[in-house]
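Undergrad: Coordinates only, no sequence provided:
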């Protein structure tokens with residue numbers, strides 16, 4: 001079963017310097033039917049104005065992933081890590097027992113557009129850590145490229161949870177069929193463009209919960225960039241109000 005969630009159904013936070021669309025409940029947006037999916041807690045589709053950003057703030061016991069679509073994002077943290085990530089880069093910060101970080105638009109002339117993703121870790125209070133990898137368009141072209149996994153195989157980033165993230169670019173006749181284990185869930189997030197999955201058309205910002213499916217066919221892309229999350233088959237309510 002593919003349960004689609006349309007872009008316009010997401011929560012919206014407009015703060016002037018930041019425009020954010022929330023796939024799941026986050027900050028002032030609350031929907032008890034949209035409180036994460038398996039260990040996937042947050043997908044925020046963020047656009048940050050030039051030379052603006054998130055000042056230093058703390059996190060703990062969360063795996064935080066940034067996936068840049070346009071522009072450049074500057075990261076600094078209390079571990080002494082500093083970097084600028086651009087399209088093709090994937091960043092993973094394991095907050096563990098506690099870390100403070102900031103994320104800023106590195107450019108004084110252009111906005112930055114990125115996805116902020118939170119994964120609930122399997123263990124709490126582990127040592128914090130930082131990872132970054134660059135994945136070329138060629139590796140994702142017509143292909144679902146592994147970018148995050150528990151074991152870090154194939155140059156993927158290592159996440160502290162039983163889940164995997166794949167990224168793909170699809171255009172025209174390019175297509176791929178992904179085999180999903182029968183005992184797994186999945187989540188599809190279309191970052192941009194348009195794409196068909198198992199006969200269902202997705203546009204930028206659309207997502208979908210996937211249960212009880214063994215194959216997912218990605219086809220008929222129009223400048224599509226997609227993320228696929230392979231998840232534990234658990235129904236977890238991570239937040240209460």
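TA: Looks like it arrived, so ask away. Here the structure is a predicted model, which is why all the values come from computation and not from measurement.
Undergrad: for residue 223, what are its contacts?
TA: Neighbouring residues of residue 223 by Cβ atoms under 8 Å, 6 or more residues apart in numbering: 171, 192, 193, 194. (C-beta placed from N, C-alpha, C; glycine too.)
Undergrad: So the second one sits against residue 221, correct?
TA: No - in this structure residue 192 lies outside contact range of residue 221 using Cβ atoms under 8 Å: 10.4 Å.
Undergrad: higher neighbour count, those two?
TA: residue 221 (23 against 18; other Cβ atoms under 10 Å).
Undergrad: Now name the helix or strand holding the more buried one.
TA: Per DSSP states H and E, residue 221 falls inside strand 215-231.
Undergrad: so where do the helices sit in this protein?
TA: 137-140 (DSSP state H).
Undergrad: worst-scoring helix or strand of it, pLDDT-wise?
TA: strand 53-59 (a mean of 74; mean pLDDT, DSSP states H and E).
Undergrad: Sheet partners, orientation included, of that strand?
TA: With DSSP bridges as the test, strand 53-59 is paired with strand 99-105 (antiparallel).
Undergrad: Would you confirm that residue 233 contacts residue 186?
TA: No - Residue 233 is beyond contact range of residue 186, at 9.8 Å (criterion: Cβ under 8 Å).
Undergrad: how far away is residue 205 from residue 52?
TA: From residue 205 across to residue 52, the span is 22 Å (Cβ to Cβ, to the nearest Å).
Undergrad: picking that back up, who's more crowded, residue 233 and residue 186?
TA: The neighbour count for residue 233 versus residue 186, taken as other Cβ under 10 Å, is higher for residue 186 (25 against 13).
Undergrad: which residues touch that one?
TA: Here residue 186 is in contact with 180, 210, 213, 216, 228, 229, 230, 231 (criterion: Cβ under 8 Å, 6+ apart).
Undergrad: For the residue positioned nearest the centre of the chain, which non-adjacent residue is closest in space?
TA: In the chain, the residue lying closest to the centroid (Cα atoms, centre = their mean) is residue 117, at 4.1 Å. Nearest non-adjacent residue to residue 117, counting by Cβ to Cβ, 6 or more residues apart in numbering: residue 65, 4.1 Å away.
Undergrad: Tell me the bridge partners for the one you found.
TA: residue 92, residue 117.
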